[in-house]
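A.B. asks: no sequence on hand, only this structure:
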DNA sequence: ATCTAATAACTGACTGGTCAGTAATATTTT
DNA sequence: AAAATATTACTGACCAGTCAGTTATTAGAT
């Protein structure tokens, strides 16, 4: 029981700081429980406010969730797009950078739980699925497609089926994120993301290499 | 309004047929809604019985779900294991058969919704996750690892990191299953599973080929 | 064959608990 | 004092699981 100073106010008005704190708490709780099973009371408790306060800043649960996605995922996408725009060197190195970025910035952070969450709730909350598809998936796929096309145009990659290959690139990363949220506790050891990433990059190098030999 | 024959009974005793019908209905509704969001009233309606009847045959929602997994997934795993046990020819052909089997028997059937379901609910229903991990995932991974080791032993595959490679093999298949349940409605065209499978097999052929040239 | 218990299968209203969202009220700040 | 910010208590909808009662079926008696 920390507070007993009768002069200390029971709470303070902190209009500026609340939204960030609430979104941060929501990321934690949504990540642990999923969208439907998350209680707004728990989010409020995690943020150190009451449930009513949530409704001063966000009109409902769904909009709160969208705010979480905007804060946790979109900045990383922005960064990735800037990387592509400024790329000079070989395309495979760019691909490597992007996947490593994903493995470190998303997988290891609390944001890694968001893909699972979306997949889990897409059927029951189609608006959420639409939002994520438009704001994240479409952009991420376009980004990777652009990298592949750049590599093909520069003769670094053989001419693959771009759409399928994008999915092949994404799948192991996505699967790692899902695994973390679902089965990590059940397997003895933690999943060796570094080994998986290395194997994946190795496989991609072989898959994308032009027929005549290894890429320059 | 079908029934008006006053002589027709309102219901019949059909002790033998009920469990199968209930499990079948449950697969449909769980697949559409997930575990937590499924109402047993809806399962009952779909099966043409009342909710009380469900509890005559299954002690609770969780056991009903396990019955669904046993009926929809395990027979396919049995078949896959028999395929490996009786394999004579090249290991890559076996791998190809297994993946094609998965794409047709699981992805295209209603059972394709189960992986999503498990991933979605694993965090909130650890018993379910444990059950699925032990009965399905462990076995499937062991199966694929055995195929890889067979290929390596026979000199058909180069010596890869088996654990990571199993995950690389599974990931695109799993992702297809998840996509179907989550985003198929949002994309214009249906996902081209055949193209993805072809690209995946092509990539695997290149990834697994021994250094000296293509496998025999 | 027909009637008559006895039993097994099934129904559906009810309970207890949960939780998103709202209304009424309180405290802090200006 | 008034406005802004926050809390607390409440409402209404939802649903897994239960159980007292109902209906179909079977077996035994006539």
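C.D. replies: Yes, it's here. Keep in mind that what you see is a predicted model, and the values were worked out from it rather than measured.
A.B. asks: for whichever helix in chain A runs longest, name the packing helices and strands.
C.D. replies: In chain A, with assignment by DSSP state H, the single longest helix is helix A:162-182. With contacts taken as 3 or more CB pairs under 8 Å, 6 or more residues apart in numbering or on different chains; DSSP states H and E, helix A:162-182 sits against helix A:91-101, helix A:114-121, helix A:138-153, helix A:193-208, helix B:114-121, helix B:162-182, helix B:193-208. Glycine gets a C-beta too; all of them are placed from N, C-alpha and C.
A.B. asks: redo those as CSV? Include distance to residue A:60, mean neighbour count and mean pLDDT.
C.D. replies: Below are the helices and strands packed on helix A:162-182 laid out as CSV (distance: least, CB to CB, whole Å; neighbours: other CB atoms under 10 Å in any protein chain shown; pLDDT from 0 to 100):
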stretch, distance to residue A:60, mean neighbour count, mean pLDDT
helix A:91-101, 33, 18, 96
helix A:114-121, 15, 25, 91
helix A:138-153, 25, 17, 97
helix A:193-208, 35, 19, 96
helix B:114-121, 22, 25, 91
helix B:162-182, 22, 22, 94
helix B:193-208, 37, 19, 96
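A.B. asks: out of those helices, the one nearest residue B:53 is which?
C.D. replies: Nearest of the helices and strands packed on helix A:162-182 to residue B:53, taken as CB to CB: helix B:114-121 at 23.2 Å.
A.B. asks: that closest one close to DNA strand C?
C.D. replies: No. Between helix B:114-121 and DNA strand C, judged by CB under 7 Å from any atom of the strand, nothing touches; the nearest distance is 14.5 Å.
A.B. asks: chain center to the helix or strand following that helix: distance?
C.D. replies: Going down the chain from helix B:114-121, the next helix or strand is helix B:126-132, by DSSP states H and E. Mean C-alpha position of helix B:126-132 versus that of the full chain (CA atoms, centre = their mean, to the nearest Å) differs by 15 Å.
A.B. asks: can you list the helices and strands that helix B:126-132 packs against?
C.D. replies: Short answer (3+ CB pairs under 8 Å, 6+ apart): helix B:126-132 packs on helix B:61-72, helix B:114-121.
A.B. asks: can you list those in JSON lines and add distance to residue A:30?
C.D. replies: Shown next, in JSON lines, are the helices and strands packed on helix B:126-132 (distance: least, CB to CB, whole Å):
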{"stretch": "helix B:61-72", "distance to residue A:30": "23"}
{"stretch": "helix B:114-121", "distance to residue A:30": "13"}
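A.B. asks: quick one: closest of these to residue A:85.
C.D. replies: The nearest among these, by CB to CB, is helix B:114-121 at 34.0 Å.
A.B. asks: anything in that closest one near DNA strand D?
C.D. replies: No. Figure legend: helix B:114-121 not in contact with DNA strand D (CB under 7 Å from any atom of the strand); closest approach 12.5 Å.
A.B. asks: so how far is that helix from its chain's centroid?
C.D. replies: Between the centre of helix B:114-121 and the centre of its host chain there is 10 Å, according to CA atoms, centre = their mean.
A.B. asks: angle of it against helix A:114-121?
C.D. replies: Here helix B:114-121 runs at an angle of 120 degrees relative to helix A:114-121 (axes from the mean of the first three to the mean of the last three CA atoms, to 10 degrees).
A.B. asks: list the helices and strands helix B:114-121 packs on?
C.D. replies: Checked by 3+ CB pairs under 8 Å, 6+ apart, helix B:114-121 has helix A:114-121, helix A:162-182, helix B:18-33, helix B:61-72, helix B:126-132, helix B:162-182 packed alongside it.
A.B. asks: backbone phi and psi for residue A:89, please?
C.D. replies: Dihedral pair for residue A:89: phi -80, psi -160, per degrees, to the nearest 10.
A.B. asks: pick out the residue of chain A closest to chain B.
C.D. replies: For chain A, the residue closest to chain B is residue A:120, as judged by CB to the nearest CB, at 3.2 Å.
A.B. asks: so that residue makes contact with residue B:118?
C.D. replies: No. The criterion here is CB atoms under 8 Å, and residue A:120 misses it with residue B:118 at 10.0 Å.
A.B. asks: any idea how far residue A:31 lies from residue A:119?
C.D. replies: 13 Å (CB to CB, to the nearest Å).
A.B. asks: ok, residue A:170 next?
C.D. replies: Separation of residue A:170 from residue A:119 (CB to CB) stands at 13 Å.
A.B. asks: per the record, what domains does chain A have?
C.D. replies: As assigned by automatic domain parsing, chain A contains the domains A:18-67, A:73-208.
A.B. asks: residue B:143 is nearest to which of those domains?
C.D. replies: Judged by CB to CB, the one of the domains of chain A that comes nearest to residue B:143 is domain A:73-208, at 17.0 Å.
A.B. asks: so the residue of chain A found nearest DNA strand C, which of the three states?
C.D. replies: Of all residues in chain A, the one sitting closest to DNA strand C is residue A:9 (3.0 Å; CB to the nearest atom of the strand). Judged by DSSP: H, G, I helix; E, B strand; the rest coil, the three-state class of residue A:9 is coil.
A.B. asks: okay, it: pLDDT?
C.D. replies: Per-residue pLDDT puts residue A:9 at 70.
A.B. asks: who's in contact with residue A:102?
C.D. replies: Contacts for residue A:102 were tallied using CB atoms under 8 Å, 6 or more residues apart in numbering or on different chains; they are A:76, A:173.
A.B. asks: over to the one 3 residues further on?
C.D. replies: For residue A:105, the residues meeting the contact criterion (CB under 8 Å, 6+ apart) are A:76, A:111.
A.B. asks: do the one 10 residues further on as well
C.D. replies: The neighbourhood of residue A:115, defined by CB under 8 Å, 6+ apart, consists of A:174, A:177, A:178.
A.B. asks: between those, which is closest to residue A:186?
C.D. replies: Using CB to CB, these come closest to residue A:186 at residue A:178, 13.2 Å.
A.B. asks: so residue A:106 makes contact with residue A:176?
C.D. replies: No. Residue A:106 is beyond contact range of residue A:176, at 9.5 Å (criterion: CB under 8 Å).
A.B. asks: ok so, going back, any idea how far residue A:55 is from the residue of chain A closest to DNA strand C?
C.D. replies: According to CB to CB, residue A:9 stands 22 Å off from residue A:55.
A.B. asks: and the two? Which one has more around it.
C.D. replies: residue A:55 (14 against 8; other CB atoms under 10 Å in any protein chain shown).
A.B. asks: residue A:141 - nearest residue in space that isn't next to it in sequence?
C.D. replies: Leaving aside its chain neighbours, residue A:141 sits nearest to residue A:166 (5.4 Å; criterion: CB to CB, 6 or more residues apart in numbering or on different chains).
A.B. asks: pretty sure that neighbour contacts residue A:148?
C.D. replies: Yes. In this structure, residue A:166 is within contact of residue A:148 by CB under 8 Å, at 6.9 Å.
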